[in-house]
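> Generate a structure from the sequence data that follows.
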Amino acid sequence: MAARRTQTVLRNPVYMVDFAVFKPDDSLRINLNECADSCWKWRHPDGEYVSTETHRFVKLVFEKSGIDNNGSYLPKNLHPQHTLEPQGGQDESFAEARLVMGGAVEELLRKTGISSQDIDILVTTSSVFAPTPSVSSMLINMFKMREDVQAYSLAGMGCGNGVIGIHLVRDILQAHPGANALFICAEICSSAFYRGRDKHCLVSNALFRMGGAAALLTNGTAQRHRCKYQLTHSERVHTGARDTGYNCMYVGPDDAGQPGIFLYKDLPVEAGLALEKCLKRITPQIMTWPQYAEAAWAIAMRKWYGKDKVPLYVPDFTHCVDHFCLHAGGYAILKGIQKGMRLPSDRMMPSFANLKDYGNTSSSTTWYSFAYIETMGDVHKGQVVMQAGVGGGMKAGINIWRALRDIKDVHPAWAHVAECRYTEADLPRPITRREDVGTLTGTKEFDDTQGRVRKTNWGAVSTEDMAVAQMAVAARNGHAAAADNAVAIAVVGDVAAAGRDQKEKVKSLCEASGKVQVAAHADGLLIEGETVAMNGVAL
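Predicted structure coming up:
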C-alpha cells in the first residue's frame with residue numbers, strides 16, 4: 001500500500017503576537033569551579049559519597065558541551081551552592097514549574113498587555129514532569145483563567161515539543177477562528193535530576209538546565225497589526241517505528257532503582273535522521289525559484305549520468321531562510337545540524353550563544369535562540385525564521401515564520417549582550433574547528449571555497465589557478481607558520497588578473513614548509529600574517 005500523507009488546509013492564517021523566555025535570577029547561575037567543590041559533599045541515595053570517577057565524568061561532559069563555565073542556571077534545590085543535598089521531589093518540581101512557566105507567562109502578559117481572562121486556548125508541554133493536577137491546571141490556578149478555557153497538557157514528547165507543539169496549536173486554532181492561544185514549554189530539572197552512578201543518565205545532569213518560554217498565537221486577522229510573525233509552514237515527522245529511534249532515549253530506573261534519563265550513543269544519529277526527514281518535507285515548500293531550477297537540473301543529471309555519479313541536490317538554506325533557531329542540545333548536536341544543512345558559522349551563532357549561556361533547556365531551547373535574534377535587532381520585515389527541534393521518540397519538527405515588521409526587542413534574558421553581541425571568540429568551544437578547515441567536507445564553507453573559486457567569472461579559473469588554491473590549503477594542513485611577507489590573491493572576477501608573479505610567489509611560499517598560514521574565504525584565498533580564518537571567521 002502506498003504511503004499516505006495528510007496535510008492541514010489552513011482556512012485562517014496563524015500569527016504569533018509575541019513570545020517571552022524566562023530569565024532566572026543571577027543567584028541561580030552555575031559557576032563550574034565553585035559548584036564542583038560543593039558537589040564533593042553530595043551523596044548517593046545509599047549514603048556513599050559521589051566518587052571521583054563520577055565527578056570526573058560529569059565534568060568532562062560539561063567541558064565538551066559548549067556551556068560556559070559561568071553560565072546556565074539550576075533551581076536552588078539542585079544548585080550545589082544552595083543545598084547540601086540535591087532534592088528532586090514532587091514539591092520541588094511544582095515549585096520550579098511555578099517559577100519558570102509562571103515567570104515566562106508573566107513576562108508575556110506584560111509585553112502584550114492582555115489579561116489572563118483573554119486566553120481561550122492553553123497548551124503546555126513538559127516531558128518528564130507530568131503531575132496530577134496537570135501543569136496546565138497549575139497555570140489556570142495561578143493566573144485565574146476563565147472556566148471555559150480549553151487546556152491541554154503534553155508530556156513525554158522530549159526536547160522537540162517546543163517546536164512540534166506549535167503544530168498542534170495551529171490545528172486547534174483552525175477550529176476556533178479569532179481565538180487567543182497560549183503555548184508554554186519548559187523542562188523541569190527537579191523531576192529529571194539523577195542521583196545514581198549510570199553514565200548514560202549522568203550525561204543529562206551535565207547538559208540539562210532550567211528554562212522556559214511562552215508564546216501567544218492567534219488567527220484573528222483583526223489583530224494582525226500587532227503581531228510579530230505569521231506561521232507560513234509547519235512540519236513534523238516521527239521515526240518511532242524504528243527500534244533504534246524508539247529506544248535511544250528514555251526515562252526509567254537504573255540497576256539500583258534510581259530513575260533517570262537514559263541517553264544512548266545512537267541518539268545523535270537518530271536525531272539527525274529525524275531532522276533530515278523533516279527537512280526533506282519542508283524544503284520544497286520554502287525554496288526560491290532559482291533553487292527550484294537547480295533542483296530540476298540536478299534531477300535531470302542524476303537520471304542522465306546515474307545516481308552514483310551525481311549527488312543529491314542540497315539547497316543553500318541561507319538563500320531561503322534568513323535566521324535559524326536550532327535545538328541547542330549540545331555542541332555535537334549543533335555541529336551535526338550545521339554539517340547536514342551546510343550552514344556558515346554566523347548563522348549558527350544564536351544557537352551556540354543560547355547553549356553557552358543557558359545550556360540545554362529542552363523544549364524551550366529554540367525560543368532562547370529566537371529571543372537572541374530579536375535582541376540583536378536582526379529581524380526585518382519579510383525575513384524568514386526557521387525553528388527546528390528534535391526530541392526523543394524519535395521526532396522532529398520545523399516551523400517557518402515570516403516577520404510582519406522590523407523587530408528590535410531586548411529580552412531580559414539577553415539584555416547583557418544587547419549592545420555588544422557575542423562573537424565566536426566568546427564561546428567556550430569555537431563553531432569553526434580546525435578539522436573543518438582541513439577537510440571542509442559537508443559544510444557550506446566547502447561549497448563556498450571550491451564552488452566559487454572554480455566558477456568565478458563563469459569558469460575562467462584555470463587548472464593551474466586551482467592548484468595554487470589547493471597548495472595553499474595543503475600548507476595550512478601542514479600547520480604552516482606565519483610568513484614575513486604577507487601576500488594575497490583576490491579571486492574575484494577573472495583570476496588571471498591576479499598576475500603570474502603573485503601566483504609564483506604563493507607557490508614558493510606554500511612549498512617552503514613552515515612559512516605561511518592560509519585563510520579560505522568565500523571570495524578567494526587569503527594568505528596573511530597570523531590570521532587563519534574560514535568565511536571571514538577567525539579560528
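> in what helix or strand does residue 138 lie?
Assigned by DSSP states H and E, residue 138 falls within helix 135-143.
> Can you spell out which helices and strands pack onto that helix?
Counting contacts by 3 or more CB pairs under 8 Å, 6 or more residues apart in numbering; DSSP states H and E, helix 135-143 packs against helix 90-112, strand 121-125, strand 150-154. For every residue, glycine as well, the C-beta is placed using N, CA and C.
> Do me a favour and average the pLDDT over it.
Taken as a whole, helix 135-143 has an average pLDDT of 96.
> What lies in contact with it?
94, 97-98, 101-102, 105, 109, 116, 122-124, 126, 129, 131, 145, 149, 151-153, 184 (CB atoms under 8 Å, 6 or more residues apart in numbering).
> switch to 6 Å and redo it
If you take CB atoms under 6 Å, 6 or more residues apart in numbering as the criterion, helix 135-143 is touched by 102, 116, 122, 124, 126, 151, 153.
> Out of the helices and strands packed on helix 135-143, which is the most enclosed?
Neighbour counts (mean count of other CB atoms under 10 Å) averaged over each of these peak at strand 121-125, with a mean of 25.
> partners of it, with directions?
Strand 121-125 pairs in its sheet with strand 150-154 (parallel), strand 180-187 (parallel), by DSSP bridges.
> got the buried residues for the helix holding residue 138?
Neighbour-count burial for helix 135-143, counted by 16 or more other CB atoms under 10 Å, picks out 135, 136, 138, 139, 140, 143.
> What of stretch 326-335?
Neighbour counts over stretch 326-335 (16+ other CB under 10 Å) mark 326, 327, 328, 329, 330, 331, 333, 334, 335 as buried.
> I figured the second one hits residue 389, correct?
The reference is to residue 327. Yes - using CB atoms under 6 Å, residue 327 is in contact with residue 389, at 4.8 Å.
> Spatially central residue for the chain, please.
residue 326 (2.4 Å; CA atoms, centre = their mean).
> pLDDT wise, what is that residue at?
For residue 326, the predicted pLDDT is 95.
> cool, residue 488 as well?
Per-residue pLDDT puts residue 488 at 29.
> looking at the strands paired with strand 121-125, which is closest to residue 245?
Nearest of these to residue 245, taken as CB to CB: strand 150-154 at 19.4 Å.
> Now that closest one: average pLDDT?
Mean predicted confidence for strand 150-154 is 95.
> ok, now stretch 260-276?
The model assigns stretch 260-276 a mean pLDDT of 85.
> now it, how far from the centre of its chain.
Taking the mean of its C-alpha atoms, stretch 260-276 sits 15 Å from the chain's own mean (CA atoms, centre = their mean, to the nearest Å).
> just stretch 103-114 next, same as before
What separates the centre of stretch 103-114 from the centre of its chain is 25 Å, taken as CA atoms, centre = their mean.
> repeat for stretch 119-134
Centre-to-centre, stretch 119-134 and its host chain are 24 Å apart (CA atoms, centre = their mean).
> same thing with stretch 182-195?
Using CA atoms, centre = their mean, the offset of stretch 182-195 from its chain centre is 18 Å.
> what's the answer for stretch 383-393, then?
Counting by CA atoms, centre = their mean, stretch 383-393 is centred 8 Å from the centre of its parent chain.
> Need the residues that contact stretch 306-314.
Identification of contacts with stretch 306-314 by CB under 6 Å, 6+ apart yields 295, 298, 301, 302.
> Can you say which of those residues are buried?
295, 298, 302.
> Of these, which belong to helices?
Counted as lying in helices by DSSP state H, out of the buried ones among the contacts of stretch 306-314, are 295, 298, 302.
> is it possible to export these to CSV including distance to residue 54 and pLDDT?
Conversion of those to CSV gives the following (distance: CB to CB, whole Å; pLDDT from 0 to 100):
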residue, distance to residue 54, pLDDT
295, 50, 91
298, 50, 91
302, 51, 90
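> Adding distance to residue 395, write those out as a markdown table.
Output for those, formatted as a markdown table (distance: CB to CB, whole Å):
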| residue | distance to residue 395 |
| --- | --- |
| 295 | 26 |
| 298 | 29 |
| 302 | 30 |
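> about what we covered before: tell me which of the contacts of stretch 306-314 is nearest to residue 35?
Using CB to CB, these come closest to residue 35 at residue 295, 50.1 Å.
> In terms of helices and strands, where is the closest residue to that closest one other than its chain neighbours?
Spatial nearest neighbour of residue 295, excluding adjacent residues (CB to CB, 6 or more residues apart in numbering): residue 313 at 4.8 Å. Under the criterion DSSP H and E, no helix or strand holds residue 313.
> Around residue 313, count how many other residues there are.
Residue 313: 16 surrounding residues under other CB atoms under 10 Å.
> what does the one 5 residues further on give?
As a burial measure, residue 318 scores 16 neighbours (other CB under 10 Å).
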